[in-house]
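Student: give the three-dimensional model of this entry:
(one chain, ligands or ions: 3)
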Amino acid sequence: MKKIAVLTSGGDSPGMNAAIRAVVRKGIHDGLDVYGVYHGYSGLMEGKIEKLELGSVGDIIHRGGTMLYTSRSEKFKTEEGQEEAIKQLQKHGIEGLVVIGGDGSYQGAAKLSEKGIPCIGLPGTIDNDINGTDYTIGFDTAINTVVDAIDKIRDTATSHDRTFIIEVMGRLAGDIALWTGVAGGAETILIPEREYDIDDIMTKLNKGMERGKKHSIIVLAEGVCPATELAEKLMDSFQLETRISVLGYIQRGGSPTCFDRVLASRLGARAVELLIAGKRGRAVGITNQQLVDSGFEEILKNKDRVVDGLYELSQQLSI
Ligand SMILES: Nc1ncnc2c1ncn2[C@@H]1O[C@H](COP(=O)(O)OP(=O)(O)OP(=O)(O)O)[C@@H](O)[C@H]1O
Ligand SMILES: O=P(O)(O)OC[C@H]1O[C@](O)(CO)[C@@H](O)[C@@H]1O
Ligand SMILES: [Mg+2]
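Tutor: Ligands and ions are numbered 1, 2, ... in the order given. The predicted model follows:
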């Protein structure tokens, strides 16, 4: 293998730049030519491909976002789109591709691998919703951003004796809500993987109020329902007035934490090693502090990824 390429796809996440840097530098270190594909799969189909040098990835390790830009592309989900992408790779003589993205991006990489392009996936998403790794690149930064926000909201919630609903990202996965709810001392955490009962929420809030507690924090993953909907339910059923804070895209930006930078560097370098070793159709991850790799098929199976016992613990600690 002489020429490889790297792209970022799906929602950006802090640490993607550190991963790109690792792929480029490790690739060049090991004697490869490394190309960058701009704007994810859309750019791949359009041939937005440029050779990257050591200096191309200088001064980016600490930056959020992705220097290669990203996209979501419906066209790439079609056979026609994938064929166009393959033609572009062949035109540039690229023999292997590193895809940094989430589960959707992995599905695209799996298709390319099936069609003969060796692909290796790197888990780049704030959602932490990828099997085959305990942590995705960007999750640590995102949860620290959220915890900082929760702490700030707590100050005003306490001062005004208010109940706040804080809506965080996670369409299908509750990791951000669960981790930050535990870290932020939330009274209630609602995640898509677990059903909730509005009466239980109110019973818990009431218990707190009986003890003299006048403020509460509810952390809600966006995949459960919009914060406005929960606020209306609490008002209609219990005449409980709440305040809402939807954290939104602030969760995707910012300088990556040390953890995310090191994770991205390790995973990026391992992806290059796998391509050189002739592996394809696999993604890199970290489990129990060890770098691992698994096939896309295994990774893309639906699994309950909620950390063993963390949801139950959150309930025990927030009585
Ligand atoms: N089944 C599929 N076949 C081919 N390509 C796919 C498939 N699913 C997704 N993709 C491609 O991957 C892109 C990114 O997927 P998606 O929007 O689900 O984000 P993601 O990678 O899961 O990241 P995140 O969830 O963090 O935003 C899609 O826009 C599409 O181009
Ligand atoms: O508006 P976009 O870019 O589709 O992103 C929104 C989604 O992306 C994610 O943040 C993951 O990056 C989801 O949690 C969220 O619902
Ligand atoms: Mg996803």
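
Student: for the lengthiest helix in the chain, name the packing helices and strands.
Tutor: Longest among the helix segments of the chain by residue count, using DSSP state H, is helix 139-160. On a contact count with 3 or more CB pairs under 8 Å, 6 or more residues apart in numbering; DSSP states H and E, helix 139-160 meets strand 163-168, helix 175-183, strand 216-221, strand 242-246, helix 258-276. C-beta here means a position set from N, CA and C on the backbone, and glycine is covered the same way.

Student: listing partners with orientation, what would you give for the first one?
Tutor: Spelled out, it's strand 163-168. Next to strand 163-168 in the sheet, as set by DSSP bridges, lie strand 216-221 (parallel), strand 242-246 (parallel).

Student: helix or strand: which one has the nearest residue to Leu240 once chain neighbours are set aside?
Tutor: Leaving aside its chain neighbours, Leu240 sits nearest to Leu234 (4.4 Å; criterion: CB to CB, 6 or more residues apart in numbering). Using DSSP states H and E, Leu234 falls within helix 227-238.

Student: so which elements touch that helix?
Tutor: With contacts defined as 3+ CB pairs under 8 Å, 6+ apart, the packing partners of helix 227-238 are strand 163-168, helix 198-210, strand 216-221, strand 242-246.

Student: lowest-confidence stretch among the ones you listed?
Tutor: For these, mean pLDDT drops lowest on helix 198-210, to a mean of 90.

Student: tell me who's in contact with the residue nearest to Leu240.
Tutor: Neighbouring residues of Leu234 by CB atoms under 8 Å, 6 or more residues apart in numbering: 163, 198, 201-202, 240, 242.

Student: how about the residue in the stretch 1-150 of the chain that ligand 2 sits nearest to, secondary structure?
Tutor: The minimum distance from the stretch 1-150 of the chain to ligand 2, using CB to the nearest ligand atom, falls at Gly11 (2.3 Å). Following DSSP: H, G, I helix; E, B strand; the rest coil, Gly11 is assigned to coil.
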